[in-house]
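Trainee: here is a sequence with its predicted model. Questions after.
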Amino acid sequence: MGPAGEAAPIPAGGGLEIAFQSVTFAADNTPIATIKFTDAAGKPLDFLAELAAGTFGARGPRYTIARLEADGTYKSPYESSSHSASSYPASVSGESAAQTLARVAAMYTKVGDGVYKFKWPAPLAAAPTATATYTVGTWASRSYAGIGYPESATFDFVPAGGTPTNREVVSDAACNACHKNLQAHGSRRTVKLCATCHYPGWKDATTGAVIDWRVMVHQIHGSDAAAGSSGMRGMGGTYPGFEHVVFAPRDNEVAKCESCHQGAMAANWKNPVAAACYSCHRNPAAFTPSHAGFGDAACVLCHGPTAQLPVETVHALTWDEASNTVEFTPMNIDVAIKSVDATNAAAVKATFTIKVDGAPYDLKNGNPPVPALNRIASLRLVAGGPVGPDTDFAGPGTPNVAGGNPLASGYGYVQSPALTTPANLTEVAVGEYTVTFPALPAASVGTTIAVGAEGYAGEEDIVEWAINRPEIVYAKVGGGEPTPRRAIADDAKCNACHLNLGFHGGNGRKGVVYCSVCHNSKNVNDERVSRFEVDPANPAQHWKVQPQSVWLPVMVHRLHRGGDLANLYTLGGNPGPSATNPAGSVHEFSGSFPQPGAMLNCLSCHKAGTFGLPGPAVQPMVVATYECLEDPGADLDNLCNGTNADTLPNWRATTKLVPPQQAICTSCHDDDATAAHVELNTTAGGLEACGACHGANRDWDAATVHVAPQ
């Protein structure tokens with residue numbers, strides 16, 4: 001037997017990594033890039049073999065090159081009447097697939113394992129500027145075992161040598177806090193790559209809308225605040241504009257520029273340029289005539305870092321446009337629940353502390369140094385239950401109306417009296433108080449309750465500052481060790497997009513568990529439902545309406561799925577129904593998750609191991625249908641009188657229970673075919689067969705199919 005030969009190379013596996021090593025120019029000014037292709041584990045790819053096999057698509061990776069201009073924008077050295085001519089390889093009309101592959105392969109030369117030189121097929125129109133910074137970029141998708149792996153890369157260089165300028169006004173990490181892996185036009189990723197094409201002068205081919213990167217990004221993210229549509233369309237006119245986009249942080253925090261402006265040149269937003277400013281401030285009424293036609297130099301005179309009205313100041317939420325001044329100083333309100341004594345169900349007590357700007361706050365007397373106008377406008381503690389590690393909050397027995405379906409009732413939630421009235425508090429020390437809850441029912445003994453807090457401060461009714469969310473404290477009614485609710489969604493992941501997610505009452509209600517107390521499976525959401533007496537489309541018929549549930553797992557999934565649902569999620573809003581408008585205000589959630597593909601990855605919001613099928617202990621969802629019984633001749637309007645449908649003698653309610661797996665899964669998968677599928681696999685008694693295919697370790701395990709490739 002002869003000596004052993006060299007071991008055969010280990011074939012490359014899945015994934016794709018592309019790294020530029022250098023860029024040079026041929027004598028005729030044609031760019032030549034040296035690039036390394038590897039799999040996700042770093043093993044070199046036999047790129048030309050894979051290109052011939054079609055794993056990189058019809059044209060393989062695409063490339064762009066652009067010069068960084070003095071104003072921070074890019075410009076392609078391949079400028080022509082066709083913008084696409086600056087990205088290579090370009091398509092050739094009438095060319096066969098074999099001709100395409102042969103032409104593209106000829107642009108590459110192998111120089112090492114996984115290392116290739118790519119030579120652009122045409123020289124630059126003029127010699128490159130020797131001392132300027134250039135950026136080359138590429139995007140590609142590699143297919144392996146039936147899975148596509150997208151990849152993008154950029155590389156900065158100076159033709160004459162030296163250190164290039166790292167233009168990073170917005171970082172990829174800032175974008176991906178919401179978008180997870182920001183991707184558009186196939187496999188194009190990274191801010192810098194996008195900027196090399198979306199430079200000044202380019203417009204949407206269909207509508208003429210400006211797609212300069214500075215303008216486009218501001219318009220998309222600020223479309224809820226700006227006047228009208230951005231006018232942009234997707235590739236091939238596929239999107240009807242971006243009016244549905246709402247910046248995830250609440251209260252128009254699109255003005256909080258540092259949400260996106262992060263990286264090496266993060267502070268650049270403090271130096272305004274006209275293109276960026278006008279992209280959001282597009283309402284002519286928002287400007288005096290003196291602003292018309294102003295350029296960048298004029299913007300800095302008034303709104304630069306050292307000017308009278310710097311962008312950093314006027315974009316703060318403390319800014320009052322009427323007086324052009326900073327009206328007040330934000331408050332930092334911290335509430336912490338120290339303990340909960342639930343040994344007596346009739347007198348559950350919670351002890352908490354409150355600090356404002358780090359100092360104990362005299363809740364009874366509003367002590368200095370907090371100014372009188374910086375008042376604690378609302379503060380309450382809430383207890384909810386019963387709850388356990390494998391269950392969710394039971395909620396009250398709703399609806400409670402004539403003809404309604406009696407439901408097994410939890411005790412829902414109880415809240416303390418308004419804590420800003422001194423008589424409602426027992427003071428332990430300044431900044432520390434004990435409050436007693438209303439009595440819990442006797443049936444609560446032996447169960448676990450969750451106690452949290454909400455509140456806000458207001459100043460001259462201009463703004464509200466929510467308390468910093470305290471940790472939820474659990475207690476067992478009657479004494480003993482509580483059994484906390486399992487952690488499902490991650491508050492930190494919510495705030496990666498939303499910054500400081502809060503709702504209702506000064507945005508003081510925060511946290512997934514705290515929201516779950518009210519947004520339980522029995523919350524049928526009748527508060528602002530449309531309240532006609534008779535059906536406007538058929539006056540001979542009583543009005544019937546079925547509100548959409550606001551059970552938290554259903555509501556959150558539907559909100560984030562948004563316009564990608566088969567049936568839009570709608571909720572009643574403010575103002576509510578009235579005699580002049582019995583329909584009230586109907587809000588359609590037509591937006592969608594920032595990056596649609598990331599919606600498939602439940603880890604975007606969930607903690608690990610929490611997104612399989614709901615367990616059998618989870619309560620079913622209540623769905624209620626209301627019919628108005630009011631005599632249309634009793635008054636002159638078409639309003640079915642009252643406030644909430646479940647407390648009115650004028651309404652008849654019928655309810656049904658939707659099993660939890662069906663309810664939660666169809667909150668995203670809401671098409672007719674899926675509805676038929678789940679109905680066929682659920683017995684009349686509510687027993688679900690979902691686990692046979694979608695349970696743990698099954699072929700279509702919900703916990704497996706919802707983790708998308710990154």
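Mentor: Alright, I've got the coordinates. What you see is a predicted model, and the numbers here were worked out from it, not measured in a lab.
Trainee: which stretches in the stretch 501-650 of the chain count as strands?
Mentor: 534-535, 538-542, 544-545, 569-573, 585-589, 621-628 (DSSP state E, counting those that start in this stretch).
Trainee: list the neighbouring strands of the last one plus their orientation.
Mentor: Note on strand 621-628: by DSSP bridges, its sheet partners are strand 544-545 (antiparallel), strand 651-658 (antiparallel).
Trainee: list the buried residues in the helix or strand that contains residue 376.
Mentor: In this structure, residue 376 is located in strand 375-384 according to DSSP states H and E. By neighbour count with 16 or more other Cβ atoms under 10 Å, strand 375-384 contains the buried residues 376-384. All C-beta atoms are positioned from the backbone trio N, CA, C, and that covers glycine.
Trainee: and among the strands paired with strand 621-628, the most buried is which?
Mentor: strand 651-658 (a mean of 19; mean count of other Cβ atoms under 10 Å).
Trainee: right, and the helix or strand after that strand?
Mentor: On the C-terminal side of strand 651-658, the closest following helix or strand by DSSP H and E is helix 660-665.
Trainee: centre of the chain to that next one, how far?
Mentor: How far helix 660-665 lies from its chain's middle: 22 Å, per Cα atoms, centre = their mean, to the nearest Å.
Trainee: what does stretch 575-589 give?
Mentor: The answer for stretch 575-589 is 26 Å, by Cα atoms, centre = their mean.
Trainee: buried stuff in that stretch?
Mentor: 576-577, 582, 584, 589.
Trainee: next: stretch 208-218.
Mentor: 209-218.
Trainee: for residue 259, find the nearest of the strands paired with strand 621-628.
Mentor: Checking these against residue 259 by Cβ to Cβ gives strand 651-658 as the closest, at 37.6 Å.
Trainee: so that closest one versus strand 538-542, what angle?
Mentor: Counting by axes from the mean of the first three to the mean of the last three Cα atoms, to 10 degrees, strand 651-658 lies at 70 degrees to strand 538-542.
Trainee: quick revisit: in CSV, list the strands paired with strand 621-628 along with mean pLDDT.
Mentor: Compiled in CSV, the strands paired with strand 621-628 are given as follows (pLDDT from 0 to 100):
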stretch, mean pLDDT
strand 544-545, 92
strand 651-658, 86
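Trainee: need those strands in a markdown table (columns: distance to residue 603).
Mentor: Shown next, in a markdown table, are the strands paired with strand 621-628 (distance: least, Cβ to Cβ, whole Å):
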| stretch | distance to residue 603 |
| --- | --- |
| strand 544-545 | 37 |
| strand 651-658 | 26 |
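Trainee: which among these is found nearest to residue 275?
Mentor: strand 544-545 (47.3 Å).
Trainee: identify the residues contacting the closest one?
Mentor: Contacts to strand 544-545, defined as Cβ atoms under 8 Å, 6 or more residues apart in numbering, come from residues 529-532, 535, 625-628, 645.
Trainee: buried ones among the residues you listed?
Mentor: For those, buried by 16+ other Cβ under 10 Å: 529-532, 626-628, 645.
Trainee: show me which pair in these is furthest apart.
Mentor: Of all the pairs that the buried ones among the contacts of strand 544-545 form, the one spanning the most space (Cβ to Cβ) is 530 and 627, at 12.7 Å.
Trainee: where do the contact lists of these two overlap?
Mentor: With Cβ under 8 Å, 6+ apart, residue 530 and residue 627 have common neighbours residue 543.
Trainee: and the buried residues of stretch 575-589, which two are the farthest apart?
Mentor: Those two in the buried residues of stretch 575-589 that are separated most widely, counting by Cβ to Cβ, are 582 and 589, at 22.3 Å.
Trainee: for the closest residue to residue 88 other than its chain neighbours, name its beta-bridge partners.
Mentor: Distance criterion Cβ to Cβ, 6 or more residues apart in numbering; nearest residue to residue 88, sequence neighbours excluded, is residue 63 at 5.2 Å. Assessed by DSSP bridges, residue 63 has beta-bridge partners residue 88, residue 138.
Trainee: so residue 63 touches residue 122, yeah?
Mentor: No: judged on Cβ atoms under 8 Å, residue 63 makes no contact with residue 122 at a distance of 11.9 Å.
Trainee: tell me which of those two has more neighbours.
Mentor: When residue 63 and residue 122 are compared for neighbours, residue 63 comes out ahead with 21 against 14, by other Cβ atoms under 10 Å.
Trainee: quick one: that one from residue 441, how far?
Mentor: Distance of residue 63 to residue 441, given as Cβ to Cβ, to the nearest Å: 69 Å.
Trainee: circling back to that earlier point, do you know which of the strands of the stretch 501-650 of the chain lies nearest residue 653?
Mentor: With Cβ to Cβ as the measure, strand 621-628 is the member of these nearest residue 653 (5.2 Å).
Trainee: give me the pLDDT for residue 669.
Mentor: Residue 669 is assigned 93 on the pLDDT scale.
Trainee: burial check on it, number of neighbours?
Mentor: For residue 669, using other Cβ under 10 Å, the count is 16.
Trainee: ok, back up a step: what's the closest of the strands paired with strand 621-628 to residue 166?
Mentor: That would be strand 651-658 among the strands paired with strand 621-628, by Cβ to Cβ, at 53.4 Å.
Trainee: in what helix or strand does residue 150 lie?
Mentor: strand 147-157.
Trainee: can you point out the buried residues in that strand?
Mentor: For strand 147-157, by 16+ other Cβ under 10 Å, it's 149-157.
Trainee: can you redo those as JSON lines with distance to residue 656 and pLDDT?
Mentor: Shown next, in JSON lines, are the buried residues of strand 147-157 (distance: Cβ to Cβ, whole Å; pLDDT from 0 to 100):
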{"residue": "149", "distance to residue 656": "45", "pLDDT": "92"}
{"residue": "150", "distance to residue 656": "43", "pLDDT": "92"}
{"residue": "151", "distance to residue 656": "48", "pLDDT": "95"}
{"residue": "152", "distance to residue 656": "49", "pLDDT": "95"}
{"residue": "153", "distance to residue 656": "53", "pLDDT": "96"}
{"residue": "154", "distance to residue 656": "55", "pLDDT": "96"}
{"residue": "155", "distance to residue 656": "60", "pLDDT": "97"}
{"residue": "156", "distance to residue 656": "61", "pLDDT": "97"}
{"residue": "157", "distance to residue 656": "65", "pLDDT": "97"}
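Trainee: got the residues you listed as a markdown table, with distance to residue 513 columns?
Mentor: As requested, the buried residues of strand 147-157 are arranged in a markdown table below (distance: Cβ to Cβ, whole Å):
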| residue | distance to residue 513 |
| --- | --- |
| 149 | 37 |
| 150 | 36 |
| 151 | 38 |
| 152 | 38 |
| 153 | 41 |
| 154 | 42 |
| 155 | 46 |
| 156 | 46 |
| 157 | 51 |
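Trainee: so where do the strands sit in the stretch 351-500 of the chain?
Mentor: Using DSSP E, counting those that start in this stretch, strands in the stretch 351-500 of the chain cover 359-360, 375-384, 413-415, 426-429, 432-436, 448-459, 463-466, 473-476.
Trainee: can you check the stretch 151-300 of the chain too?
Mentor: Using DSSP E, counting those that start in this stretch, strands in the stretch 151-300 of the chain cover 183-184, 188-189.
Trainee: burial count for the closest residue in space to residue 431 that isn't next to it in sequence?
Mentor: Spatial nearest neighbour of residue 431, excluding adjacent residues (Cβ to Cβ, 6+ apart): residue 360 at 2.6 Å. Look at residue 360: counted by other Cβ under 10 Å, it has 14 neighbours.
Trainee: partners of residue 360 in the sheet?
Mentor: With DSSP bridges as the rule, residue 360 is bridged to residue 355.
Trainee: do you know the pLDDT at it?
Mentor: At residue 360, pLDDT is 91.
Trainee: what residues sit buried inside stretch 118-126?
Mentor: 118-120, 123-124.
Trainee: alright, that wraps it up for me.
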